[in-house]
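Q: take this sequence and fold it.
(2 chains)
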Amino acid sequence: MDNTESTAIVTGGALVKRGLAEMLRGGVIMDVVNAEQAKIAEDAGAVAVMALERVPADIRREGGVARMTDPHLIEAIQETVTIPVMAKARIGHFAEAQILQELQVDYIDESEVLTPADEAHHIDKWKFAVPFVCGATNLGEALRRISEGAAMIRSKGEAGTGNVVEAVRHLRSITGDIRRLTQADSAELYGWAKNLQAPIGLVQEVAESGRLPVPLFCAGGLATPADASLVMQLGAEAVFVGSGIFKSSDPSKRARAIVEATTHYQDPAVLLNVSRNLGPAMVGIEMDEVDVRLAERGW
Amino acid sequence: MRIGILALQGDFLNHVAVLDGLSVESVLVKTRDDLDVDGIIVPGGESTTMSLLMQSSGIYEPLKALVHDGLPAFGTCAGMILLASSLMDGRPDQVTLDAIDIVVRRNGFGRQVASFETDLAVSGVQGGPMRAVFIRAPVVEKVADSVEVLAEVNYRFADSSNRVVPVICRQEKVIVSSFHPELVGEDRLHKIFLGLI
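A: Prediction:
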């Protein structure tokens, strides 16, 4: 090779954006609010951390407008860990996303956990070199986010509740509709596109491949190793755990147990072993008692 | 012939798909009982996580012994890190299988915004350039004399230095790449690996 001539390098393409999501598969992405928690997460085997100022359970309790995290806090976390660092921008708040890109976070979560900034438009994610993950409660929502450039989808669940029921509902809705799509004939796909309010090209692609064009992860209310195993068995390719770790009595041990459970999700002997003596999980909330449904944010 | 694919975390299913395309039987390796194989693929993923899970699952010691005794191995990205003899910018408690004499720097090209695609000329490989996807990829900083370099890139690093760095290395029955052929359905490196068995 000629030493004077640089290799032609292309950054920011769809392949590298989706590629990082592929690398996170089978892993646990943990919410952290400071460098100390980030270190505990990395020590426990997290594949990435999500840097934020308040975990969803605290956002829920304290109320007020939830915004992008102070860059100083994200930088402190970036300096502490070697694994990917993600951060959240408000739905539609492309200026927050521009700041996070400048900060070189590894993934931006356009997240319903923060207070939405735009009631009609999500961020045009194709304009960014940093990949985006977006939440979805059903297949149509997932495909709309992908059409806007999301490189990873996470089922939303209901963040900050410690209750896995909504995560299961959303995951089953997405995977169930994917299975039904694969049975539809070519004419029916146009009806599906209309009902899902999703681009026909993406609907056809899903019908053909039997999966989303980007990895499907699960979030929102996971609190135990068994929760992680449950959603992995239901078709999630990796899990996000938010309040469930650092709102429990022994975060380090619980984090480690959830990592093991996500890898060995089909092995009840391992699940039994790691579920023992974790101390109290986060208390959690019944859905009837939830006053703000975060999952209803976004469209 | 049965190829084991380390399946603790990462993009191991993409490697299964490549082997399926070549009609080669593969088995997912999650515990030490799954190690009755003729070759091992260490996939892309997060190397710190995989290092930890290799130890907790009891795979680390037996797998290390097997590759030292000549079990053919192929690693991509994190797999390259886990097969390398020595790491820079790793975690102090991070273990490797010490199967190929190279020194590797984790995330050496930078953060995700620096992740890139390029076309590579690969020595001894027919069929035109190889599309290579580098995701928070490791940089090979040093190779032993006995290591053969099959491809390199000339890269402008963040400190504005231009350096030519190896991206595919081979030593005896071990082959590693700092990029992900499995992400684009590229099977030519898998064929070289299968040829080592």
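
Q: tally of neighbours for the nearest residue to B:Val153 once chain neighbours are set aside?
A: Residue nearest to B:Val153 in three dimensions, not counting chain neighbours: A:Thr7, with 4.4 Å by CB to CB, 6 or more residues apart in numbering or on different chains. The way it works is simple: take the backbone N, C-alpha and C, and place the C-beta from them, glycine included. Applying other CB atoms under 10 Å in any protein chain shown, we find 18 residues neighbouring A:Thr7.

Q: for A:Thr7, give me its contacts.
A: Counting by CB atoms under 8 Å, 6 or more residues apart in numbering or on different chains, A:Thr7 touches B:Thr118, B:Leu120, B:Val153, B:Asn154, B:Tyr155.

Q: quick check: the third one vs B:Gln112, distance?
A: When distance is defined by CB to CB, to the nearest Å, B:Val153 is 18 Å away from B:Gln112.

Q: all strands for the chain, in order.
A: Since no chain was named, I'll use chain A. With DSSP state E, the ranges of strands along chain A come out as A:10-11, A:28-32, A:48-51, A:85-90, A:107-111, A:132-136, A:152-155, A:216-218, A:239-241.

Q: could you do chain B instead?
A: B:2-6, B:25-29, B:39-42, B:73-76, B:84-88, B:100-105, B:116-120, B:130-134, B:139-143, B:148-156, B:162-171, B:174-177.

Q: residues contacting the third one, please?
A: It stands for strand B:39-42. B:1, B:3-6, B:12, B:15, B:26, B:29, B:50, B:63, B:66-67, B:71-76, B:78-79, B:82-83, B:97, B:193-194, B:196-197.

Q: which members of the residues you listed additionally contact chain A?
A: Counting by CB under 8 Å from any CB of the partner chain, B:Phe12, B:Ala78 from the contacts of strand B:39-42 sit close to chain A.

Q: which of the contacts of strand B:39-42 are buried?
A: B:3-6, B:12, B:15, B:26, B:29, B:50, B:63, B:66-67, B:71-76, B:78-79, B:82-83, B:97, B:193-194 (16 or more other CB atoms under 10 Å in any protein chain shown).

Q: tell me where the stretch 151-299 of chain A has helices.
A: For the stretch 151-299 of chain A, the helices defined by DSSP state H, counting those that start in this stretch occupy A:165-183, A:186-196, A:200-209, A:225-233, A:243-246, A:251-263, A:268-275.

Q: do you know which of these lies nearest A:Gly149?
A: helix A:200-209 (12.1 Å; CB to CB).

Q: what does the closest one contact?
A: If you take CB under 8 Å, 6+ apart as the criterion, helix A:200-209 is touched by A:139, A:143, A:146-147, A:178, A:181-182, A:184, A:186, A:189-190, A:192-193, A:196, A:212-213.

Q: just to revisit the earlier point, among the helices of the stretch 151-299 of chain A, show me which one is buried the most.
A: Comparing the helices of the stretch 151-299 of chain A by mean neighbour count (mean count of other CB atoms under 10 Å in any protein chain shown), helix A:243-246 comes out on top with a mean of 28.

Q: name the helices or strands packed onto that helix?
A: strand A:28-32, helix A:56-62, helix A:251-263 (3 or more CB pairs under 8 Å, 6 or more residues apart in numbering or on different chains; DSSP states H and E).

Q: I'd like the ones you listed as JSON lines, with mean pLDDT and distance to chain B appended.
A: Listed next are the helices and strands packed on helix A:243-246 as JSON lines, based on pLDDT from 0 to 100; distance: least, CB to the nearest CB, whole Å:
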{"stretch": "strand A:28-32", "mean pLDDT": "97", "distance to chain B": "8"}
{"stretch": "helix A:56-62", "mean pLDDT": "89", "distance to chain B": "23"}
{"stretch": "helix A:251-263", "mean pLDDT": "97", "distance to chain B": "5"}
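
Q: A:Gly279 and A:Ser249 touch, don't they?
A: Yes. Contact criterion CB atoms under 8 Å: A:Gly279 and A:Ser249 qualify, at 3.7 Å.

Q: which residues touch residue 88?
A: Because you didn't say which chain, this covers chain A. Residues in contact with A:Lys88 (CB under 8 Å, 6+ apart) are A:Met50, A:Leu52, A:Met68, A:Thr69, A:Ile108, A:Asp109, A:Glu110, A:Ser111, A:Val113, A:Leu114.

Q: chain B is the one I meant
A: Per CB under 8 Å, 6+ apart, neighbours of B:Met88: B:Val103, B:Val104, B:Arg105, B:Arg106, B:Gly108, B:Glu141.

Q: just the closest of the residues you listed to B:Gly44, please.
A: B:Arg106 (12.9 Å).

Q: ok, now which ones touch A:Thr69?
A: If you count contacts by CB under 8 Å, 6+ apart, A:Thr69 has them with A:Ala51, A:Leu52, A:Glu53, A:Ala87, A:Lys88.

Q: spell out for me which residue occupies the centre of the chain.
A: Assuming you mean chain A. In chain A, the residue lying closest to the centroid (CA atoms, centre = their mean) is A:Arg154, at 4.2 Å.

Q: think we crossed wires, I meant chain B
A: B:Gly75 (2.1 Å).

Q: now the residue of chain B most remote from its centre: how far from B:Ala114?
A: Distance from the C-alpha centroid of chain B peaks at B:Ser160, with 26.9 Å (CA atoms, centre = their mean). For B:Ser160, the distance to B:Ala114 equals 14 Å [CB to CB].

Q: related to what we said a few turns ago, show me which of the contacts of B:Met88 neighbour chain A.
A: Checking those against chain A (CB under 8 Å from any CB), the matches are B:Arg106.

Q: thanks a lot, catch you later.
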